[in-house]
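1. Next input, structure requested:
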Amino acid sequence: MPPTPTHPAAFHEQRRSLERARTEDYLKRKIRSRPERSELVRMHILEETSAEPSLQAKQLQLKRARLADDLNDKISHRPGPIELVHKNILSVTCPLQHSLLGGYTHLTTFSLRCNCRGCRRLKQTLKNNNSRRKKLKSCSISSSNSSSSSYSKPNRNSCRPSRS
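-> Okay, here's the model as predicted:
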């Protein structure tokens, strides 16, 4: 005796076949309304190329390798944080600024205890640029050109601009 539509197994089987038919219809509609290649190129989904389809993947890899080499070259010529301070691109408003702008162009070991905005930026730049500079290690600023033998901790308020 065949199962009737009121039987739970038959009901689920019928429901599953209807869902499958609906999915097939949906996919057929999408394939029929598929955009042309020129439309995909215009929407920047596909790239316009004159290379053979078998060579397009290699062409894309070559393009990415060229971009990576160009980016690495530009990163290697990026100026360091001290150069940015000297060119007034990176602003530092604390006692450190006087030592940097006073002619100390090469600081060997460098760490900042000051927490003003300029020093935080300089710290972040130094951390991000660790391929060109060593990481921050100690809590003092030492330089081979330093005229004073010791460095005292800056007053927290001395790094802020004075309000008049």
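2. From here on, just use CA atoms for contacts and neighbour counts.
-> Fine.
3. Measure how buried His44 is and give me the count.
-> Using other C-alpha atoms under 10 Å, His44 is surrounded by 10 other residues.
4. now swap in Leu84 and tell me
-> Leu84 has 15 nearby residues by other C-alpha under 10 Å.
5. what about the closest residue to Arg37 other than its chain neighbours, neighbour count?
-> The spatially closest residue to Arg37, leaving aside those adjacent along the chain, is Leu46, at 7.7 Å (C-alpha to C-alpha, 6 or more residues apart in numbering). Look at Leu46: counted by other C-alpha under 10 Å, it has 12 neighbours.
6. Distance check, Leu46 against Arg29.
-> Per C-alpha to C-alpha, to the nearest Å, Leu46 is found 22 Å from Arg29.
7. so where's the chain uncertain?
-> 1-6, 92-120, 122-123, 125-164 (pLDDT under 70).
8. can you point me to the longest helix in it?
-> The longest helix of the chain (DSSP state H) is helix 8-32.
9. that older thread, the residue nearest to Arg37 contacts Glu36, doesn't it?
-> No - in this structure, Leu46 is not within contact of Glu36 by C-alpha atoms under 8 Å, at 10.7 Å.
10. which stretches of the chain form helices?
-> Counting by DSSP H, the helices of the chain are 8-32, 37-42, 56-76, 81-86, 95-101, 117-128.
11. Walk me through the domains of the protein.
-> Domain ranges of the chain: 9-44, 81-150, per automatic domain parsing.
12. I'd like to know how many residues surround Leu55.
-> As a burial measure, Leu55 scores 10 neighbours (other C-alpha under 10 Å).
13. Distance of it relative to Leu40?
-> With distances taken as C-alpha to C-alpha, Leu55 is found 19 Å from Leu40.
14. again, but for Leu18
-> 33 Å.
15. now do His7
-> Distance, His7 to Leu40, by C-alpha to C-alpha: 49 Å.
16. Looking at these two, which is more packed in?
-> Leu40 (14 against 10).
17. residues touching that one, list them.
-> Contact analysis of Leu40 by C-alpha atoms under 8 Å, 6 or more residues apart in numbering lists Leu46.
18. ok, 10 Å please
-> Contacts for Leu40 (C-alpha atoms under 10 Å, 6 or more residues apart in numbering) come out as Arg34, Leu46, Glu47, Glu48.
19. most neighbours, which of those?
-> Neighbour max across the contacts of Leu40 (other C-alpha under 10 Å) = Glu47, 14 neighbours.
20. burial of Pro81, as a residue count?
-> By other C-alpha under 10 Å, 21 other residues sit near Pro81.
21. To clarify, my last question referred to Ile82.
-> So Ile82, with other C-alpha under 10 Å, has 19 neighbours.
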